[in-house]
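Student: any chance you can model this:
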Amino acid sequence: MILGVDPTSHVPPFEQVRSQVVALVDAGALVAGTRLPTVRRLADDLGLAPNTVARAYRELEQSGVVVTRGRHGTFVAVRGEDREREAAVAAQQYVRRLRELEVDVDAAVRHVRAAFGG
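Tutor: Here you go, the predicted structure:
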């Protein structure tokens, strides 16, 4: 992830980090599921205080851009349009595999319902 902070800017450093991450996500350079650097790592890389990066991450999480999974890290969140695209890809992969196993549509649907618990 390529981010930079301009110390001469009137924009606070946490906001520079936040807006750059949003721009990378919007541009598709950071896709859903991408793990972001730890707060300490990014703070070290950018020469910022960890609390500054932590604030940027908190604001990104509050706006739904990222999701934090405790000790596992912070990841780019799956958004509505990403969710639909990823669901379509998963369905295609599932169907491809079931065809290899020669499973018919009715059985495939039963497996999906069972996997969903119903």
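Student: now do the same end-to-end measure for stretch 24-37.
Tutor: Terminal residues of stretch 24-37 lie 14 Å apart, using CA to CA, to the nearest Å.
Student: return the set of buried residues in it.
Tutor: Leu24, Val25, Leu30, Ala32, Leu36, Pro37 (16 or more other CB atoms under 10 Å). Yep, even glycine has a C-beta here, placed from its N, CA and C like the rest.
Student: for stretch 86-105, same thing?
Tutor: Those would be Leu98, for stretch 86-105 by 16+ other CB under 10 Å.
Student: got a list of contacts for it?
Tutor: In this structure, residues lying in contact with stretch 86-105 by CB atoms under 8 Å, 6 or more residues apart in numbering are Ala32, Val78, Ala107, Ala108, His111, Val112.
Student: cutoff 6 Å now
Tutor: Ala108 (CB atoms under 6 Å, 6 or more residues apart in numbering).
Student: distance from that stretch to the middle of the chain?
Tutor: Stretch 86-105 sits 24 Å away from the centroid of its parent chain (CA atoms, centre = their mean, to the nearest Å).
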